[in-house]
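> Task: produce atomic coordinates for the following.
(chains A and B)
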Amino acid sequence: AQRVTQPEKLLSVFKGAPVELKCNYSYSGSPELFWYVQYSRQRLQLLLRHISRESIKGFTADLNKGETSFHLKKPFAQEEDSAMYYCALRNYGQNFVFGPGTRLSVLP
Amino acid sequence: DAGVIQSPRHEVTEMGQEVTLRCKPISGHDYLFWYRQTMMRGLELLIYFNNNVPIDDSGMPEDRFSAKMPNASFSTLKIQPSEPRDSAVYFCASSRNTGGGTQYFGPGTRLTVL
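Below is the predicted model of the structure:
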């Protein structure tokens, strides 16, 4: 069955430190992977898609099919990055499977 | 554009009562999704529609749950009868067929069943 795991429920880092949010997936086909973010009192919104190979707000994520991972990285964390981050897999059609989420807390 | 609109934002009801959650997707979007978010299970896809037609309802937990989309600008998620374990935040999201999978989420409805 398709599944997305995010092993860390909570991740705390200091401002300026590198951050990596882990995401692993299980999927038999060619996956489409996404990172969604929810800032405090805001809506859940798309951060980036693997297919776009883009960097958004300094975040990047590389799809590693061998390790079935799509970890989210940023070299220097900022306090405004504190939020809930969800890794998601697009299944067949428009069926999305979301991971349980990781709460990132960037300390001053 | 106000984005995806959901109402009510908060709902408190007693066990056994009927609950109706409402959603207005972004104009021009072909897909509409209903999700449920709980601490235990995270974000779960309940059902999604394409051009007002239900495509996949495999995530709907029980027959007590039903969803409709009578037209392109309105959808409802109904729980009848409601139970305390239905307490959660329910999100509606919409997307365009050509949007590369990007979903736009509503603010959610926080449901509490006493």
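
> Now do the strands in chain A.
When assigned using DSSP state E, the strands of chain A occupy the ranges A:3-5, A:10-14, A:19-21, A:24-26, A:32-38, A:45-49, A:60-61, A:72-74, A:83-90, A:96-98, A:102-107.

> can you give me the mean pLDDT across stretch B:90-107?
When pLDDT is averaged along stretch B:90-107, the result is 87.

> circling back to that earlier point, in JSON lines: the strands of chain A, plus distance to B:Gly59 and mean neighbour count.
No exception for glycine: its C-beta is placed from N, CA and C like everyone else's. Converted to JSON lines, those look like this (distance: least, C-beta to C-beta, whole Å; neighbours: other C-beta atoms under 10 Å in any protein chain shown):
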{"stretch": "strand A:3-5", "distance to B:Gly59": "14", "mean neighbour count": "16"}
{"stretch": "strand A:10-14", "distance to B:Gly59": "26", "mean neighbour count": "14"}
{"stretch": "strand A:19-21", "distance to B:Gly59": "25", "mean neighbour count": "20"}
{"stretch": "strand A:24-26", "distance to B:Gly59": "18", "mean neighbour count": "17"}
{"stretch": "strand A:32-38", "distance to B:Gly59": "17", "mean neighbour count": "22"}
{"stretch": "strand A:45-49", "distance to B:Gly59": "20", "mean neighbour count": "19"}
{"stretch": "strand A:60-61", "distance to B:Gly59": "25", "mean neighbour count": "20"}
{"stretch": "strand A:72-74", "distance to B:Gly59": "25", "mean neighbour count": "20"}
{"stretch": "strand A:83-90", "distance to B:Gly59": "14", "mean neighbour count": "22"}
{"stretch": "strand A:96-98", "distance to B:Gly59": "10", "mean neighbour count": "21"}
{"stretch": "strand A:102-107", "distance to B:Gly59": "22", "mean neighbour count": "17"}
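
> now residue 91, nearest residue through space, not along the chain?
Just so you know, I chose chain A. In space, A:Asn91 comes closest to A:Gln2 once its chain neighbours are excluded; the distance is 5.2 Å by C-beta to C-beta, 6 or more residues apart in numbering or on different chains.

> Switch to chain B, please.
Leaving aside its sequence neighbours, B:Phe91 sits nearest to B:Tyr35 (C-beta to C-beta, 6+ apart; 4.3 Å).
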